[in-house]
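# Everything below, folded, please.
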Amino acid sequence: TAFTALTGAMALGPKVQIAQIEIDIAKTGTLASGDAFKIYTGEAGDVVVGGALTVVTAGTATVDIDIGTAEDGAQIVADADGAATAGTVVAAAAANTTNVVLGAGSVYFTNQAAPGVALAAGKFLVTLMILKAGDFAG
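Residues are numbered from 1 along each chain as shown. This is a model prediction of the structure:
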């Protein structure tokens, strides 16, 4: 039997991964305007290529929820309505994920409401699609 040699390096390991986290505000505590908490920490070479916020249970206040990074403030999901009907999905716009190089940084869930508007209830599912561009050679 004859074999043809491969050229270039083979891609080892998973390259695109899906990370999901469910956030229940009743369990995490009220999120005041401007408050944020870390929901994902990347590794060297990570790039966010997509994502979405799904409202599982509507919140008690109309707030704008952002999913984004702390390093440069890049938004993956911007201005999602925290009081939207259950089942509402806000997908990341292509423009929001084009330049989100996560590296070893973190992704945050942030209440961007006007001062004084807190998110006291609601349940949300955050989905991130992450390109694992780091070294998988070993």
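
# now the helices: where do they sit in the protein?
Counting by DSSP state H, the chain has helices at residues 25-28, 94-97.

# hey, least reliable of these by pLDDT?
For those, the bottom mean pLDDT is recorded on helix 94-97, which sits at a mean of 67.

# Local confidence estimate at the nearest residue to Thr41 once chain neighbours are set aside?
Excluding its sequence neighbours, the residue lying closest to Thr41 (C-beta to C-beta, 6 or more residues apart in numbering) is Ser106, at 4.7 Å. For glycine as for every other residue, the C-beta is placed from the backbone atoms N, C-alpha and C. For Ser106, the pLDDT comes out at 87.

# From here on, call the first residue 45.
All right, first residue 45 from here; so that's Ser150.

# Now for Ser150: which residues touch it?
For Ser150, the contacting residues are Lys82, Ile83, Tyr84, Thr85, Gly86, Thr113, Ala114, by C-beta atoms under 8 Å, 6 or more residues apart in numbering.

# mind checking which helix or strand of this structure has the lowest mean pLDDT?
When the helices and strands of the chain are compared on mean pLDDT, DSSP states H and E, helix 138-141 comes out lowest with a mean of 67.

# Neighbours of the closest residue to Ala70 other than its chain neighbours, how many?
Of all residues not flanking Ala70 in the chain, Ala165 sits nearest, at 5.5 Å (C-beta to C-beta, 6+ apart). The burial count assigned to Ala165 is 16, neighbours taken as other C-beta atoms under 10 Å.
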